[in-house]
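> any chance you could fold what I've pasted below:
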Amino acid sequence: MKKKIRHYQFGAVAGFVALHLAVLGVFFVNFRWQYLLLMLFMYVVRMFGVTAGYHRYFSHRSYKLNRFFQFAMAVLAQSSGQKSVLWWAAHHRVHHRHSDQQPDVHSPGLRGFWWAHAGWVISNDYDAFDPSLIRDFGKFSELCWLDRYHWAPTALLGATIYLIGGLGAFLWGYVLSTVLLYHATFCINSLAHVWGTRRFDTADESRNNFVLALITLGEGWHNNHHRFMHACRQGILWWEVDFTYYGLRVLNWMGIAHELRGVRLPHSEAEAST
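Numbering: from 1, shown residues only. Predicted coordinates:
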């Protein structure tokens, strides 16, 4: 079988590498505890945008938002620098339709760890997406605008942090937190299909992993998610921490998020999972 040629745009690769090299800048500015706290805050808030926004809302529609908060969630998600919500969700839906099969865009078993982790994101093989996969959200003009200018939310955030806090705040609060966000998110595509346990016998290689759940606010319960992909809650058992779900419960209490979809566990599977 002929090996697939993978294409990389210089701009995408250069930007990705430059951002990682810029992380070294934290060693050349005076350390302040405020910088560390800012980095943690920006990581957690934007990780919530990734998990609650890109993933559970736009990819799986596991709860509902009105149009204003839908746009706000899209902006928050895109502040992480992981392209548009339409692009992200369309490719993620392909992943679930063909998980760990040939059409899967990021299967580590089929395409290798690097490609599954980050290679597919920075290549130009998947720059485009099939609009028919995301018709439900593609009908909103503001989301289409965010798709065309997907870099705007993250660029605006980075500029704001720099203008308010200076170079040190920018390096810690934006650059370092963004790189950490990248790799924590990418680990779900790569490590969560290689490292962990399997509660459910799904047709893919998804795994549950406590460590990944901690650093991604609950996304590490990946085998649970592949069994119940439309559920808003991914940590099924009481000890399976799912901070994204807890946050969405708060938004539900505030009247922002509605109709959180639950896990409907058949009796036989419920017994097997205890």
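> and for stretch 35-48, what are the contacting residues?
Outside stretch 35-48, the residues that touch it by CB atoms under 8 Å, 6 or more residues apart in numbering are 26, 29, 76, 79-80, 161, 165, 168-169, 171-174, 176-178, 180-181, 184-185, 216-217, 243-244, 247. C-betas here are computed from N, CA, C, even on glycine.
> please redo it, this time with the cut-off set to 7 Å
Under the criterion CB atoms under 7 Å, 6 or more residues apart in numbering, residues 76, 79-80, 168-169, 172-174, 176-177, 180-181, 184, 216-217, 244, 247 lie in contact with stretch 35-48.
> equivalent analysis for stretch 219-235, please.
For stretch 219-235, contacts defined as CB under 7 Å, 6+ apart pick out 51, 55-56, 60-63, 96, 99, 188, 192, 198-200, 202, 204, 206-213, 218, 236, 240-242, 245, 248, 260-263.
> now, of the residues you listed, which are buried?
Neighbour-count burial (16 or more other CB atoms under 10 Å) applied to the contacts of stretch 219-235 gives 51, 55-56, 60, 62-63, 99, 188, 192, 199-200, 202, 204, 206-209, 212-213, 218, 236, 240-242, 245, 248, 260-261, 263.
> just the helices in the stretch 151-274 of the chain please.
Along the stretch 151-274 of the chain, counting by DSSP state H, counting those that start in this stretch, helices occupy 152-169, 177-189, 210-215, 222-227, 243-253, 267-273.
> what about residue 24, how many neighbours?
11 (other CB atoms under 10 Å).
> doesn't it belong to a helix?
Yes: with DSSP: H, G, I helix; E, B strand; the rest coil as the criterion, residue 24 is part of a helix.
> follow-up on the earlier one: most tightly packed of the helices of the stretch 151-274 of the chain?
Among the helices of the stretch 151-274 of the chain, ranked by average contacts under mean count of other CB atoms under 10 Å, first place goes to helix 222-227 (a mean of 25).
> and residue 13, how close does it get to residue 122?
6 Å (CB to CB, to the nearest Å).
> then residue 155?
Residue 155 is 18 Å from residue 122, by CB to CB.
> same question, residue 54
Computed with CB to CB, the distance linking residue 54 and residue 122 is 17 Å.
> residue contacts, the residue lying closest to residue 191 once chain neighbours are set aside?
Closest residue to residue 191 apart from its sequence neighbours, by CB to CB, 6 or more residues apart in numbering: residue 212 at 6.4 Å. By CB under 7 Å, 6+ apart, the contact list for residue 212 reads 187, 188, 191, 192, 219, 220.
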